[in-house]
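Chemist: One predicted model, sequence on top.
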Amino acid sequence: MFPQAADWVRSMTTFAFALLFLASVAGYLLNLRAARQLQGSGARLHSLAGFHGGFSFLVVLVPGFIVLILWLLLQGAVINALVLRSLPPGTTDGLDPGAVQLIVAEIRQIAGGRIFGTPEQWKIDAAARLTALRDTSATLMVVVVGVMSAVLLILSRMRVSPDFRARQGTEAIVNGLMIFCSTVAIFTTIGIIASLVVETWRFFGMVPWYDFLFGLRWEPQMPIRADQIAAVGAFGWVPVFVGTLVITVVAMTVAVPVGLFSAIYLNEFASPRFRAVAKPLLEILAGVPTVVYGFFAVLVIAPALRDFGVWSGLPIASNTALAAGSVTGVMLIPFISSFADDTLSAVPRALRDGALALGATRGETVITVLFPAAIPGIVGGILLAVSRAIGETMIVVMAAGLIAKLTINPLDSVTTVTVQIVTLLIGDTAFDSPKTLAAFALGLMLFVVTLGINVLALRIVRKYREIYD
């Protein structure tokens, strides 16, 4: 019985969103038709008929959507509180919040049809009440959305008149939506930074900051029990950061020349027919999932490097920075190529024509005129690609290794900041241990490094763009 109730709740939620959308479209069509009828009767409207329809569409859609989202966000907490209040007296007396949450979770599992063993009768009754409350909430949600949409549709229809400033009303709603989205993005960024800073501060309360910033060993192994023989832990991030730089350098060594030369060829030397085929094929690389690149690195590049090491006598590890970095560079080729191609295309045509008119060849024009003029955008794109390479995780996890070594040899196994963050946050280690909190310290340092690179890229673009504009 319970799973069918869950399907009913999901179907009612879908129906509520569909009803809201249909009411918004109906409001648009009604106001559009009314405005056109006024125009047909000879009235002179202040705003175009489309703005009257758009005003009704937004007036119905935006408040209804907000109500739906708030309803879905709050109904879980309200229903859980009502279920807890309906439990037999003394059920939750003396229990800590964690134990209470376990009871609620078990009741929700029973309501979802996931019953293990023979639960107590009061839990079954509570699951039935939970299901009934969910059904009631879903029905009320549809009723509220329907009534609200009808009222707003009628009110917006009544606003259609020759003197109504529909365009200003529509633009005010759209402007408010953009301000709201911008505010959400800003506060999301602030929240991310605040969480990193707070958890990093807790980490530095357990591990000295100078050991983290200047330590040359990264072994985040902590003893779980007092009598356990384990390493005391070493949290120097220098080997991890050096490994990140090694892979980034290898990646950019592959991506920058190939990306730039391909962009120059496609922009200046390739025929239109070849460009129409080659450019989309090149940009397909940007849509390949990174896990596929990881498989390619593990199954193709790494074995080829090992075979070459055996043939040449070079000591090449099974997982190398060269394999991970080179595949990461292949992934970044379309990023740099597209950025450079757009920058070269943005150079004024007069510069190109003037160089050719003075007798310069196409190659000389590219080297002496186009490339210097486009260097701000190209450098900015390269620096953004560096940020992308530093933050790459999946390819490095699969092809580079997990052990932190302080080496700049690309034929050796290294690890990166992102890999260690993933490794530290996987498992059952206590969240307040130095081993887990070290992930936030690494995340904060990665954020600072990538932010510095992005700021540098913006400064370069702004500084040199003024010269050529």
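Modeler: Looks like it arrived, so ask away. What you are looking at is a predicted structure, and each value in this text was computed from that prediction instead of being measured.
Chemist: domain assignment for this protein?
Modeler: Domains of the chain are assigned by automatic domain parsing as 2-164, 165-199, 234-468.
Chemist: And the second one, what's buried?
Modeler: For domain 165-199, a neighbour-count test (16 or more other CB atoms under 10 Å) marks 166-167, 169-170, 173, 196, 199 as buried. The C-beta positions use only the backbone N, C-alpha and C, and glycine is treated the same way.
Chemist: Going by distance to residue 19, which of those residues wins?
Modeler: residue 173 (20.5 Å; CB to CB).
Chemist: That closest one contacts residue 62, doesn't it?
Modeler: Yes - using CB atoms under 8 Å, residue 173 makes contact with residue 62 at a distance of 6.4 Å.
Chemist: sorry, back to before: what's the closest of the domains of the chain to residue 215?
Modeler: Of the domains of the chain, nearest to residue 215 by CB to CB is domain 234-468, at 1.9 Å.
Chemist: Comparing the domains of the chain, which stretch has the densest surroundings?
Modeler: With neighbours taken as mean count of other CB atoms under 10 Å, the domains of the chain reach their highest mean count in domain 234-468, at a mean of 18.
Chemist: how far does that one sit from the chain's center?
Modeler: 19 Å (CA atoms, centre = their mean, to the nearest Å).
Chemist: residue contacts, residue 31?
Modeler: Contact analysis of residue 31 by CB atoms under 8 Å, 6 or more residues apart in numbering lists 52-53, 55-56, 156-157, 160.
Chemist: Just give me the least confident of these.
Modeler: The member of those with the lowest pLDDT is residue 160, and it reads 85.
Chemist: Residue 451: which element?
Modeler: helix 434-468 (DSSP states H and E).
Chemist: elements contacting that helix?
Modeler: helix 166-206, strand 234-235, helix 371-390, helix 417-424 (3 or more CB pairs under 8 Å, 6 or more residues apart in numbering; DSSP states H and E).
Chemist: Tabulate the ones you listed (TSV), appending mean pLDDT and distance to residue 98.
Modeler: Shown next, in TSV, are these (pLDDT from 0 to 100; distance: least, CB to CB, whole Å):
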stretch	mean pLDDT	distance to residue 98
helix 166-206	89	21
strand 234-235	78	29
helix 371-390	83	38
helix 417-424	83	24
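Chemist: closest to residue 83 out of these?
Modeler: Nearest of these to residue 83, taken as CB to CB: helix 166-206 at 30.3 Å.
Chemist: Tell me what angle the closest one forms with helix 434-468.
Modeler: 130 degrees (axes from the mean of the first three to the mean of the last three CA atoms, to 10 degrees).
Chemist: which helices and strands does helix 166-206 pack with?
Modeler: By 3+ CB pairs under 8 Å, 6+ apart, helix 166-206 packs against helix 49-85, helix 434-468.
Chemist: about what we covered before: and of the helices and strands packed on helix 434-468, who's closest to residue 29?
Modeler: Nearest to residue 29, of these and by CB to CB, is helix 166-206 at 14.8 Å.
Chemist: Helix or strand next in line after the closest one, which one?
Modeler: That would be, after helix 166-206 and using DSSP H and E, helix 209-214.
Chemist: Which strands or helices does the host helix or strand of residue 132 pack on?
Modeler: According to DSSP H and E, residue 132 maps onto helix 121-158. Secondary-structure packing of helix 121-158 (3+ CB pairs under 8 Å, 6+ apart): helix 2-40, helix 49-85, helix 97-111.
Chemist: got CSV for those helices, with distance to residue 242 too?
Modeler: Compiled in CSV, the helices and strands packed on helix 121-158 are given as follows (distance: least, CB to CB, whole Å):
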stretch, distance to residue 242
helix 2-40, 50
helix 49-85, 44
helix 97-111, 41
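Chemist: Worst mean pLDDT among these?
Modeler: Among the helices and strands packed on helix 121-158, helix 97-111 carries the lowest mean pLDDT (a mean of 76).
Chemist: ok and the helix or strand that contains residue 248 relative to helix 417-424, angle-wise?
Modeler: Element membership for residue 248, per DSSP H and E: helix 238-264. Helix 238-264 and helix 417-424 are oriented at 130 degrees to each other (the same axes, to 10 degrees).
Chemist: Report the next helix or strand after helix 238-264 in sequence order.
Modeler: Per DSSP H and E, the first helix or strand lying C-terminal to helix 238-264 is helix 272-283.
Chemist: Low-confidence stretches in the stretch 351-469 of the chain?
Modeler: 427-432, 464-469 (pLDDT under 70).
Chemist: so how far is residue 336 from the nearest residue to residue 460 once chain neighbours are set aside?
Modeler: Spatial nearest neighbour of residue 460, excluding adjacent residues (CB to CB, 6 or more residues apart in numbering): residue 379 at 5.1 Å. Applying CB to CB, to the nearest Å, the value for residue 379 to residue 336 is 11 Å.
Chemist: out of the domains of the chain, nearest to residue 212?
Modeler: Short answer: domain 234-468, nearest of the domains of the chain by CB to CB, at 5.2 Å.
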